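**Student:** what follows is a predicted structure for the sequence shown.
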Amino acid sequence: MSCHRRLDKSFKNVPVLPLNQDCRYVLFSDCHRGNGTHNDNFLKNQHLYFAALRYYYQKGYTYIELGDGDELWENRNMEQIKEIHSDSFWQLSRFYKENRLYMIYGNHDMVKKYAAFSKKKCETYYCSSSQKNEPLFPGIQFYSGIILKNDCTGQLLYLTHGHQASLLNSTLWPINRFLVRYFWKPLEQLGFLDPTSAAKNYTTKQRSERRLNAWAENRGRTLITGHTHRPMLPSESGSHYLNTGSCVHPRCITCIEVCGDKLTLVKWYMESKTGGILYVAREELAYTTKLFSVIR
């Protein structure tokens, strides 16, 4: 199956959410929440992420995660991830209780597409104070994609993870998971980077981005993904591909805010006031109101 056919398939029978002036969405991707060890790339940015979640919750945003939320290739135990990052999961559960949370699976958390896994591992968490399982995301579903649709203008935003651009990260993902878990993870500790990773290999990154943009242009759609970890919000007319970036950048996390017809690429990072007081800052990096999707 070609990249274009895999992307087409990702948008079959997926949720279609309203896109109008009253809607507010925040799109995160590639959090890669881990188990708290030195391989947990999310750990250093968890405070930035938690501050961002509180901001978007208070501002009335709906949270949409575009895949690879949890690092389930390097880690087997979802319970450890929930325990280590309990603050983040608690905040996400607040969105979920108010029907303001939607999750897409990526290649590193592909197992979430199986109902048996999500029911067993994601619907509850173990509470140490009550010493029993408590509700976390009861009845949650993880999707291959989501579409935001404006019924008045016909504008459409297609959201997915982006791993469909690679055969090894989509159709052959169990093979790549095996390689990452038992081969590349140990070598990464010695300074070697996984050449199959779109996030770590520049050539692979560029190839994935070209394929994703080609699909969007060919279909006449605006496509927003993660996967490559490179934030992208082009404002030039004719560009159809956007990227949220990730939550594992060395010094910041990035996301895309969707407010009506305006899309804003945002960075969250540590800043200091006079006197050396540290705080979490929000910076708008770029924005666009040029959406190119049309109903077909």
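**Tutor:** Structure received.
**Student:** show me where pLDDT drops low in the stretch 51-200 of the chain?
**Tutor:** Of all residues in the stretch 51-200 of the chain, those with pLDDT under 70 make up the ranges 184-185, 187-196, 198-199.
**Student:** could you dump the helix or strand where E134 lies to PDB, C-alpha only?
**Tutor:** Assigning secondary structure by DSSP states H and E places E134 in strand 132-135. As requested, C-alpha coordinates have been extracted for strand 132-135 and formatted as PDB (Å, rounded to 0.1, in the frame of the first residue of the first chain):
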ATOM      1  CA  LYS A 132      -7.400   0.600  43.900                       C
ATOM      2  CA  ASN A 133      -8.000   1.500  40.300                       C
ATOM      3  CA  GLU A 134      -9.700   4.800  39.700                       C
ATOM      4  CA  PRO A 135     -11.300   6.200  36.500                       C
END
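**Student:** for this structure, which segments count as helices?
**Tutor:** With helices called from DSSP state H, the chain shows them at 3-10, 46-58, 78-84, 86-97, 115-121, 173-179, 185-188, 202-219.
**Student:** for H227, which of the ones you listed is the nearest?
**Tutor:** Ranking the helices of the chain by their distance to H227 (criterion: C-beta to C-beta) puts helix 202-219 first, at 6.5 Å. C-beta: built from backbone N, CA, C; applies to glycine.
**Student:** show me what counts as buried in the closest one.
**Tutor:** T204, K205, R207, S208, E209, R211, L212, N213, A214, W215, A216, R219 (16 or more other C-beta atoms under 10 Å).
**Student:** spatially, which residue comes closest to the third one, not counting chain neighbours?
**Tutor:** Computed as C-beta to C-beta, 6 or more residues apart in numbering, the closest residue to R207 that is not its neighbour in sequence is A165, at 7.4 Å.
**Student:** same thing with the fifth one?
**Tutor:** Nearest non-adjacent residue to E209, counting by C-beta to C-beta, 6+ apart: T228, 5.9 Å away.
**Student:** each with direction, which strands does the strand holding E134 pair with?
**Tutor:** Strands flanking strand 132-135 in the sheet, each with its direction: strand 124-127 (antiparallel) (DSSP bridges).
**Student:** list the buried residues for the strand it pairs with?
**Tutor:** Burial within strand 124-127, assessed by neighbour count using 16+ other C-beta under 10 Å, is assigned to T124, Y125.
**Student:** now what about that strand, what contacts it?
**Tutor:** Contacts of strand 124-127 from elsewhere in the structure, counted by C-beta atoms under 8 Å, 6 or more residues apart in numbering, are E79, K82, E83, S86, F89, K132, N133, E134, P135, L136, P138.
**Student:** same thing but 10 Å
**Tutor:** Outside strand 124-127, the residues that touch it by C-beta atoms under 10 Å, 6 or more residues apart in numbering are 78-79, 82-83, 86, 89-90, 93, 132-138.
**Student:** of the residues you listed, buried ones?
**Tutor:** Buried subset of the contacts of strand 124-127 (neighbour count, 16+ other C-beta under 10 Å): M78, K82, F89, S93, L136, F137.
**Student:** now for these: which two are most distant?
**Tutor:** Checking those against each other with C-beta to C-beta, the farthest-apart pair comes out as M78 and S93, at 14.9 Å.
**Student:** for V26, see how far away the closest residue to N35 other than its chain neighbours is.
**Tutor:** Sequence neighbours aside, Q80 is the residue nearest to N35 in space, at 4.3 Å (criterion: C-beta to C-beta, 6+ apart). Applying C-beta to C-beta, to the nearest Å, one obtains 26 Å for the distance of Q80 from V26.
**Student:** now the buried residues of helix 202-219 as JSON lines including pLDDT?
**Tutor:** Supplementary listing: the buried residues of helix 202-219 in JSON lines, determined by pLDDT from 0 to 100:
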{"residue": "T204", "pLDDT": "87"}
{"residue": "K205", "pLDDT": "91"}
{"residue": "R207", "pLDDT": "93"}
{"residue": "S208", "pLDDT": "94"}
{"residue": "E209", "pLDDT": "94"}
{"residue": "R211", "pLDDT": "95"}
{"residue": "L212", "pLDDT": "96"}
{"residue": "N213", "pLDDT": "94"}
{"residue": "A214", "pLDDT": "94"}
{"residue": "W215", "pLDDT": "96"}
{"residue": "A216", "pLDDT": "94"}
{"residue": "R219", "pLDDT": "92"}
